[in-house]
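K.L.:
how would this look folded up:
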Amino acid sequence: MFPHFRYFSFFVAALAVAGRMAAADPAGIVLVISDGTSQELITATRLYAHGADGRLELESFPQTAIVRTHSLDDMVTDSSAAATAMARGIKADNHAVGIRTPHSKTGPPSLLDLARRAGWSTGVVSDDSVTGATPASFLVEHGSRQEEAQIASKIVDQLGPRADIVLGGGAKWFSDLAKEPGVAYNPGQREIVQATRAKLDGAKIAVFDQWRQFVDAVAKGGGDLPVLGTFYPAEFPFYADGPRTPRVSDMAVEAVRFLRAKGRPFFLMVEAALPDKACHRGQAKRAITEVLELDHMLAELRKNLPPGSLLLVTTDHETGGLAISGPPVPPATRGDALVGANPVVPTRSILSWATGPGADLKKSNVRERKVIEIGKPPRMVSEPKQASDPDFQQPAAMESGGAMHTGGDVWMLGEGPGSEKVHGFLENTDIYRLIASQIDKTGR
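P.N.:
You can find the predicted model right below:
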């Protein structure tokens, strides 16, 4: 081959590669946090939906790891300390939001900050209130996760500087909804909310409280304004209680679409918050249904993420100490038969909790109903709850008003560039470092 022809061939090949790179969609990173979702709950979800030999979407991820979760001041973390570890790369006290201790004045940069500095677009999605412990730890710094009214005010300040889009629940913290059914404020909160709303009205922020309005706006190009969408007063309702709009998968996919339209790499944190809330209640059917929602979201994200994206999935901690107890448990057991009494030994439950409100299988699953008969005074009758009822509670070994978090190591999944680091035993702070290193590659 003539030398000049060899160089020319190399030049043409280089142009072809450059052309393919220029035409490719921008890379993105999505971190999905499924709150309170233990490995045992994932197993129960597989058994419930597909049986012992079935598979969930999340079981097809190529990379897996085990993650340690202790907080700075406790062997058993809460959501804010765990989220701060992932968002900021530091161990933090329980209840602290984005900072090391409740008395810290400032915190390390959030992954949102690192992405911003690298020229990326950024977003946060949750089916909890966006002021909840997990999303808040990415968005703001605050001494107590309980002060959601104050956190909401700080989130408004970060729409633009830190985040292009924030979607979820929590409308009651951005608008005065005191007259709405079921909405209440503690003393002093309503005044803070009213001030936050005034600040929001004076800011250049696109605000949505109706899902369809937001989707239509994205379809038209979205515009250059940062977006705040809050579609329920607080957290979303459980999917087991009836279809909800939007689903967490809807929000995740639309947020990806919104961020991709900006034509640059993006970082998105998505929280599936409701497995944790169901576990706190000791209600396995609700928890399992929410993990199925997580699984559906992962399938939708995989279809909608651009080539070259990194998708990471994990949980912040376990909740309730769910156990699948036996034998005997017939291998064909699935669906509602899994969440009720053992079909072989009816005095036992296949699923049980370490802590929670349902210490006794029979006593905790009785519903009181008022009966009104003509000519007789109203009377209350007791009826047993069926296993198909989302309110059905499995027994707990230790009685408590709500199931407690547990301190076991948790799981992590990954696919895409950089996911080869998802292996072995990790600290939850390593999740921050993994994502930061990927952002740094494009920011140089």
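K.L.:
and Thr101, how many neighbours does it have?
P.N.:
12 (other C-beta atoms under 10 Å). For the C-beta atoms, the positions are set from N, CA and C on the backbone; glycine is no exception.
K.L.:
How about Asn304?
P.N.:
So Asn304, with other C-beta under 10 Å, has 16 neighbours.
K.L.:
Over to the nearest residue to it once chain neighbours are set aside. Which of the three states is it?
P.N.:
Leaving aside its chain neighbours, Asn304 sits nearest to Val253 (5.0 Å; criterion: C-beta to C-beta, 6 or more residues apart in numbering). For Val253, the assignment made with DSSP: H, G, I helix; E, B strand; the rest coil gives helix.
K.L.:
Which residues are in contact with Val253?
P.N.:
Val253 makes contact with 300-301, 304, according to C-beta atoms under 8 Å, 6 or more residues apart in numbering.
K.L.:
Tell me which of those residues fall in strands.
P.N.:
Among the contacts of Val253, no member is found in strands (DSSP state E).
K.L.:
which of the residues you listed lies closest to Glu40?
P.N.:
Comparing these against Glu40 with C-beta to C-beta places Leu301 closest, at 24.2 Å.
K.L.:
For burial, what's the neighbour tally of that closest one?
P.N.:
21.
K.L.:
From Ala255, how far out is it?
P.N.:
Applying C-beta to C-beta, to the nearest Å, the value for Leu301 to Ala255 is 10 Å.
K.L.:
Backbone torsions only: list them for Thr319.
P.N.:
Main-chain dihedrals, Thr319, degrees, to the nearest 10: phi -140, psi 130.
K.L.:
ok, and the closest non-adjacent residue to it?
P.N.:
Closest to Thr319 by C-beta to C-beta, 6+ apart is Gly36, at 3.4 Å.
K.L.:
just Val207 next, same as before
P.N.:
Using C-beta to C-beta, 6+ apart, the nearest residue to Val207 is Leu228, at 5.2 Å.
K.L.:
Am I right that that neighbour falls within a helix?
P.N.:
No: looking at Leu228 with three-state DSSP, it is strand, so not inside a helix.
K.L.:
For Leu338, state which of the contacts of Val253 is nearest.
P.N.:
Distances from Leu338 to the contacts of Val253, taken by C-beta to C-beta, are shortest for Glu300, at 25.5 Å.
K.L.:
what's near enough to touch the closest residue to the closest one other than its chain neighbours?
P.N.:
Residue nearest to Glu300 in three dimensions, not counting chain neighbours: Ser249, with 4.6 Å by C-beta to C-beta, 6+ apart. Residues in contact with Ser249 (C-beta under 8 Å, 6+ apart) are 293, 296-297, 300-301.
K.L.:
Need the residue closest to the centroid of the chain.
P.N.:
Glu271 (1.7 Å; C-alpha atoms, centre = their mean).
K.L.:
Within the helices and strands, which one has it?
P.N.:
Assigned by DSSP states H and E, Glu271 belongs to strand 266-272.
K.L.:
Off-centre distance for the helix or strand just after that strand?
P.N.:
Going down the chain from strand 266-272, the next helix or strand is helix 274-280, by DSSP H and E. A distance of 11 Å separates the centroid of the chain from that of helix 274-280, by C-alpha atoms, centre = their mean, to the nearest Å.
K.L.:
Convert the C-alpha atoms of helix 274-280 to CSV, please.
P.N.:
C-alpha atoms of helix 274-280 as CSV (Å, rounded to 0.1, in the frame of the first residue of the first chain):
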residue,chain,number,x,y,z
LEU,A,274,-42.7,4.0,48.4
PRO,A,275,-41.3,0.5,49.1
ASP,A,276,-39.9,2.0,52.3
LYS,A,277,-43.2,3.6,53.4
ALA,A,278,-45.0,0.3,52.8
CYS,A,279,-42.4,-1.6,54.8
HIS,A,280,-42.8,0.8,57.7
